[in-house]
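[1] here's a sequence, model it:
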Amino acid sequence: MHRTKPSRARLLVPSALAVVILTGAAAPAGAADGDGSAALNGRVASVQQQVDKIERRAAAAGPIDDLLAGLTKTIQDLLASVGGLLPGGVKLPPIELPKLPELPELPDLELPDLSGLIPALPALPAVPAIPAVPAVPAAPAVPELPAVPELPAIPELPAIPGIPDLPDLPALP
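    Numbers count the residues shown, from 1 in each chain. This is a model prediction of the structure:
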């Protein structure tokens, strides 16, 4: 006998969804709504992340700080992505990049006068005068060309027997 309903084993599930289901990371929708403290903890965590992002943007003062802030954000996003695949209750510890030490302000330094140590540059030699350009002689006259002789008239070709003469074409308007 043949089955009339398709087997549940034949249903195709995307591999990422299968991993989430098998590891228990995805809970039923009712479980998230029913647990009030877990939902509240999730909201508090998201607000804290937004506050951290604002603090990082405000604290960045230079290109190195901007680079460290970008790397920190990338690492936190990667941890959040990987944490979504882990079973419930398992959390990855945050990765913190080292902070740059605060540098003390440098005092104003007075540089010594170095003008006496550098010898003066010698004066440039005088540039010799440029000689005048000689005048260009006038171009010689071009001789006249001889007249072109008249071309002889082309003689008429004799008619070939058996081929009729073509009539003249009418003039175009």
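[2] give the contact list for residue 95.
    Counting by CB atoms under 8 Å, 6 or more residues apart in numbering, residue 95 makes contact with 75-76, 79. (Each C-beta comes from the backbone N, C-alpha and C, glycine too.)
[3] who wins for most neighbours among those?
    Highest neighbour count within those: residue 76, with 17 neighbours (other CB atoms under 10 Å).
[4] pLDDT value on that one, please?
    According to the prediction, residue 76 has pLDDT 85.
[5] with the one 10 residues further on instead?
    Confidence at residue 86, expressed as pLDDT, is 80.
[6] please name the residues that touch residue 143.
    Residue 143 neighbours (CB under 8 Å, 6+ apart): none.
[7] ditto for residue 82
    residue 92.
[8] which helix or which strand is home to it?
    According to DSSP states H and E, residue 82 maps onto helix 63-85.
[9] could I get the buried residue list for that helix?
    68-69, 72, 76 (16 or more other CB atoms under 10 Å).
[10] can I get those residues in a markdown table including distance to residue 135?
    Formatted as a markdown table, those follow (distance: CB to CB, whole Å):
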| residue | distance to residue 135 |
| --- | --- |
| 68 | 76 |
| 69 | 76 |
| 72 | 80 |
| 76 | 84 |
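[11] how far off centre is the helix holding residue 82?
    Relative to its chain's centre, helix 63-85 lies at 22 Å (CA atoms, centre = their mean, to the nearest Å).
[12] output it as CSV, nothing but the C-alphas.
    Extracted in CSV, the C-alpha atoms of helix 63-85 (Å, rounded to 0.1, in the frame of the first residue of the first chain):
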residue,chain,number,x,y,z
PRO,A,63,42.1,57.7,14.2
ILE,A,64,43.5,55.0,16.6
ASP,A,65,40.5,55.3,18.9
ASP,A,66,38.2,55.1,15.9
LEU,A,67,40.0,51.9,14.7
LEU,A,68,39.8,50.3,18.2
ALA,A,69,36.1,51.3,18.4
GLY,A,70,35.5,49.7,15.0
LEU,A,71,37.3,46.5,16.0
THR,A,72,35.4,46.3,19.3
LYS,A,73,32.1,46.7,17.5
THR,A,74,33.0,44.0,14.9
ILE,A,75,34.1,41.5,17.7
GLN,A,76,30.9,42.2,19.7
ASP,A,77,28.7,41.6,16.6
LEU,A,78,30.6,38.4,15.8
LEU,A,79,30.1,37.2,19.4
ALA,A,80,26.3,38.1,19.2
SER,A,81,26.0,36.1,15.9
VAL,A,82,27.8,33.0,17.4
GLY,A,83,25.9,33.4,20.7
GLY,A,84,22.7,33.0,18.7
LEU,A,85,23.7,29.5,17.6
